[in-house]
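# What shape does this take:
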Amino acid sequence: MIKDDPVIKKLDSADDLLKQGKYREAIALLKHIHEIYPREESVLLRLAWASWDSGDKACAIGYWEMLLDRELQRKVFTGFAYDELVRICKQERQIGKLVALCEKAVSAQPQDVGLMEELGTAYLLSGQSNKACDVFKKLTSLEEDNPAFYCRLGEALFADGRAKESETAYLQAGKIDPEQIDRYYFKMADLFARDGRHAEAKRLLEKCIAANPAKSIYYCYLGDELIGLGDTDEALRAYETAAKLDQDSAGTYYNRLGNTFMKEKRYDRAADAFQKAVDYENLPPYRKNLAAARKAWGQT
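Numbering: from 1, shown residues only. Have a look, this model is predicted:
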């Protein structure tokens, strides 16, 4: 802690300069203080923020890394610099640097489940799904009653091309948390849907509905997959069920249906869906979508 009155005054002056946006002057003054008190982390923290705000991202990251090295040496890991560096790496899409950062943190704090989960996420972002599987498997062994870790394992297994094992992981989450089994079926369905595997997504969404038939949004997702399978009549019936279950959101649902049909270039069906949305709620976005569908269909 700084106890030198002249230095404290300089630190206050640096803070005033930062408030005025005079980053160059503030950084020069902070560097001078850092030379006097090289272990004072509050100065490094100011240097990191000032460098970032001035546009010198490389220097800012350097200061954050200095702070991280000190955090990792402590028995109690605070993680402030680590969290900031993770945020920056994701924001700047520096995925390789993110992986190296997470590996370094886990190496120093091998039993920290939060750090391990972030490492697994970094591996997924970098396309190293096999390594992500290893990390999340370890997490499920450390916390066998945590359904969230089985979901993350399922996500990693799916990314690694192991869909059957992925489903087993999600079902294990459902066994741990049976009251929300529909939620885990839905997570699986979403993975299949995003991968364009409509039949598998439909199967799982039907399980969602069987477990929780009152949740209207499930019928919308089912309708989307039915459209992907070419069964537009059944898709419409699914959306009609959603609208009946939640009439306050019926306009939103039919507008969503219209957008799905537009993506499939089924402009006639899209126009019908947008018309129903307008009938429920005569909103400008719905009218605009209806006009676009009619124009694409060749109508005025």
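
# residues touching the residue nearest to Ala243 when sequence neighbours are not counted, list them.
Using C-beta to C-beta, 6 or more residues apart in numbering and skipping residues adjacent in sequence, the residue nearest Ala243 is Ala250, 3.8 Å away. Every residue, glycine included, has its C-beta placed from N, CA and C. Listed by C-beta atoms under 8 Å, 6 or more residues apart in numbering, the contact partners of Ala250 are Ala242, Ala243, Lys276, Ala277, Tyr280, Glu281.

# Looking at those residues, which is nearest Gly258?
Distance to Gly258, by C-beta to C-beta, is smallest for Ala277 among the contacts of Ala250, at 6.4 Å.

# Which helix or strand contains the closest one?
Here Ala277 sits within helix 267-280, counting by DSSP states H and E.

# Surely Arg24 and Ser54 touch.
Yes - using C-beta atoms under 8 Å, Arg24 is in contact with Ser54, at 6.9 Å.

# Tell me which stretches of the stretch 201-300 of the chain form helices.
216-228, 232-245, 250-263, 267-280, 284-297 (DSSP state H, counting those that start in this stretch).

# could you check the angle helix 267-280 makes with the second one?
This points to helix 232-245. 10 degrees (axes from the mean of the first three to the mean of the last three C-alpha atoms, to 10 degrees).

# Tell me the buried residues in helix 232-245?
Of all the residues in helix 232-245, those buried under the rule 16 or more other C-beta atoms under 10 Å are Thr232, Glu234, Ala235, Leu236, Ala238, Tyr239, Glu240, Thr241, Ala242, Ala243, Leu245.

# of all these, which comes closest to Tyr63?
Ala242 (51.7 Å).

# who touches the nearest residue to Leu257 once chain neighbours are set aside in this structure?
Excluding the flanking residues, the one nearest Leu257 by C-beta to C-beta, 6+ apart is Ala273, at 4.2 Å. Listed by C-beta under 8 Å, 6+ apart, the contact set of Ala273 reads Leu236, Tyr239, Tyr254, Asn255, Leu257, Gly258, Phe261.

# one more time with 6 Å
Tyr254, Leu257, Gly258, Phe261 (C-beta atoms under 6 Å, 6 or more residues apart in numbering).

# hmm, back to that, out of the helices of the stretch 201-300 of the chain, the one nearest Lys19 is which?
Closest among these, using C-beta to C-beta: helix 284-297, at 42.5 Å.

# hmm, who's touching the closest one?
Here helix 284-297 has contacts from Asn255, Gly258, Tyr267, Asp268, Ala270, Ala271, Phe274, Gln275, Ala277, Val278, using C-beta under 6 Å, 6+ apart.

# go with 10 Å
Helix 284-297 is contacted by residues 251-252, 254-255, 258-259, 261-262, 265-280, 283, 299-300 when judged by C-beta atoms under 10 Å, 6 or more residues apart in numbering.

# Let's test this: mean pLDDT of that helix, rounded?
Throughout helix 284-297, pLDDT has a mean value of 95.

# For the helices of the stretch 201-300 of the chain, could you give me TSV that also reports distance to Arg46?
Converted to TSV, the helices of the stretch 201-300 of the chain look like this (distance: least, C-beta to C-beta, whole Å):
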stretch	distance to Arg46
helix 216-228	47
helix 232-245	53
helix 250-263	47
helix 267-280	53
helix 284-297	46
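
# Any idea which of those helices gets closest to Ser13?
helix 284-297 (52.8 Å).

# tilt between that closest one and helix 267-280?
Interaxial angle of helix 284-297 relative to helix 267-280 (the same axes, to 10 degrees): 160 degrees.

# and helix 284-297, C-alpha only, in PDB?
Output of helix 284-297 as PDB, limited to C-alpha atoms (Å, rounded to 0.1, in the frame of the first residue of the first chain):
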ATOM      1  CA  PRO A 284     -46.300  -2.200 -38.400                       C
ATOM      2  CA  PRO A 285     -43.600  -4.900 -38.400                       C
ATOM      3  CA  TYR A 286     -46.200  -7.600 -39.200                       C
ATOM      4  CA  ARG A 287     -47.800  -5.500 -41.900                       C
ATOM      5  CA  LYS A 288     -44.300  -4.800 -43.400                       C
ATOM      6  CA  ASN A 289     -43.600  -8.600 -43.400                       C
ATOM      7  CA  LEU A 290     -47.000  -9.300 -45.000                       C
ATOM      8  CA  ALA A 291     -46.300  -6.800 -47.800                       C
ATOM      9  CA  ALA A 292     -42.800  -8.300 -48.400                       C
ATOM     10  CA  ALA A 293     -44.300 -11.900 -48.600                       C
ATOM     11  CA  ARG A 294     -47.000 -10.800 -51.000                       C
ATOM     12  CA  LYS A 295     -44.500  -9.000 -53.200                       C
ATOM     13  CA  ALA A 296     -42.200 -12.100 -53.200                       C
ATOM     14  CA  TRP A 297     -45.300 -14.200 -54.000                       C
END
